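> Make a model of this:
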Amino acid sequence: MVTVVSELITGLAVSLIGVLAAMLWRNRGHLRLLASTMRPGRIRVSVAAVLRLQRDGTYVLFHSTRRPGSYGPPGGALKYRPSGRRELDRLCFQEEPRPIATAAEDLRGFIPARSLPGFVRWWRSGTGRESASEGLRRELTEELTEVGHPELALDLAELSFVTVRTIVDGPMPVRPYRYRQIRFLEVCDLDLGASDALALRQALFQLGESATESQVICARSVDIEHGRVDQYYIGAHSSYLFGARRINADLPSLR
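You can find the predicted model right below:
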């Protein structure tokens, strides 16, 4: 009897080790995130893409409607598709409530910590959501209108983009709120193989360098590291345009 019980315990232990090893292997690229699931609570997640427009160490930044008075690279949250909703429901994803209609179906929201490995795998698969290129075309159309230049947003359907780097930012505590936050961010360059892309890039640099333009500015990497250029504040995520780490703290956003 003792031998049978001993063999049963050994078998269960081996099975448990096997399950744990398989989980670690599936999430081997994100072990730091996996460790965060050991802590109870909820995690805010966001999936986004931003556009890097650079020339001679200078970057084009747009005025932010979410953080008035500050500037950052064009881009924003990607959206989930109806086909992705079932998986998000399985992961207990709760969309972050936002007062503007264009924020519907944004991949900004909350999941229980235990759902994080599954969310990471879903995000990496790219299924059930916009690609970075699709999101950037949509965001550029919206944001060019917001910064007062809808004439530049008339025909962006043929633009294509090249991913420069992918950032996983966090988990980090968000004070004074009682949750942690993780951002999944793709930084992309405009593919300059088409004349429309070259023309858009040139127009945006002209705006950014204009002394009379206040909605589009140009900033050097040293300005981004400092957190401001002249009277303009620069959003912390702008540092991902030239590196893989955040340098400054986030500015508070509108609720």
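
> Partner strands of the top strand by length along the chain and their direction?
The longest strand of the chain (DSSP state E) is strand 161-174. The pairing partners recorded for strand 161-174 under DSSP bridges are strand 179-190 (antiparallel).

> Dump the C-alpha coordinates for the partner strand into PDB.
Extracted in PDB, the C-alpha atoms of strand 179-190 (Å, rounded to 0.1, in the frame of the first residue of the first chain):
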ATOM      1  CA  TYR A 179      -3.400  48.100 -10.600                       C
ATOM      2  CA  ARG A 180      -0.300  47.400 -12.700                       C
ATOM      3  CA  GLN A 181       0.100  48.200 -16.400                       C
ATOM      4  CA  ILE A 182       1.700  46.600 -19.400                       C
ATOM      5  CA  ARG A 183       2.000  48.200 -22.800                       C
ATOM      6  CA  PHE A 184       2.700  46.300 -26.000                       C
ATOM      7  CA  LEU A 185       4.000  48.800 -28.600                       C
ATOM      8  CA  GLU A 186       5.200  48.500 -32.200                       C
ATOM      9  CA  VAL A 187       7.400  51.400 -33.400                       C
ATOM     10  CA  CYS A 188       7.300  51.600 -37.200                       C
ATOM     11  CA  ASP A 189       8.900  53.600 -40.000                       C
ATOM     12  CA  LEU A 190       7.000  54.800 -43.100                       C
END
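
> what mean pLDDT does the longest strand of the chain have?
On average, the pLDDT along strand 161-174 is 91.

> What residues of it count as buried?
Neighbour-count burial for strand 161-174 flags 161, 164, 166-171 (criterion: 16 or more other CB atoms under 10 Å). (Glycine included, C-beta is placed from N, CA and C.)

> And the helices in the chain?
For the chain, the helices defined by DSSP state H occupy 2-26, 31-36, 82-90, 116-125, 132-146, 195-208, 221-226.

> Could you list the low-confidence segments of this protein?
Within the chain, the segments meeting pLDDT under 70 span 1-40, 99, 101, 252, 254-255.

> Output the buried residues of strand 161-174 as TSV; include the columns distance to residue 81.
Shown next, in TSV, are the buried residues of strand 161-174 (distance: CB to CB, whole Å):
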residue	distance to residue 81
161	19
164	25
166	20
167	23
168	22
169	24
170	24
171	26
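
> Make sure residue 146 is actually in contact with residue 64.
No - using CB atoms under 8 Å, residue 146 is not in contact with residue 64, being 9.3 Å away.

> quick one, which of these two is more surrounded?
residue 64 (21 against 16; other CB atoms under 10 Å).

> So what does the more buried one look like in phi/psi?
phi -100, psi 130 (degrees, to the nearest 10).

> what sits against it?
Contact analysis of residue 64 by CB atoms under 8 Å, 6 or more residues apart in numbering lists 70-72, 235.
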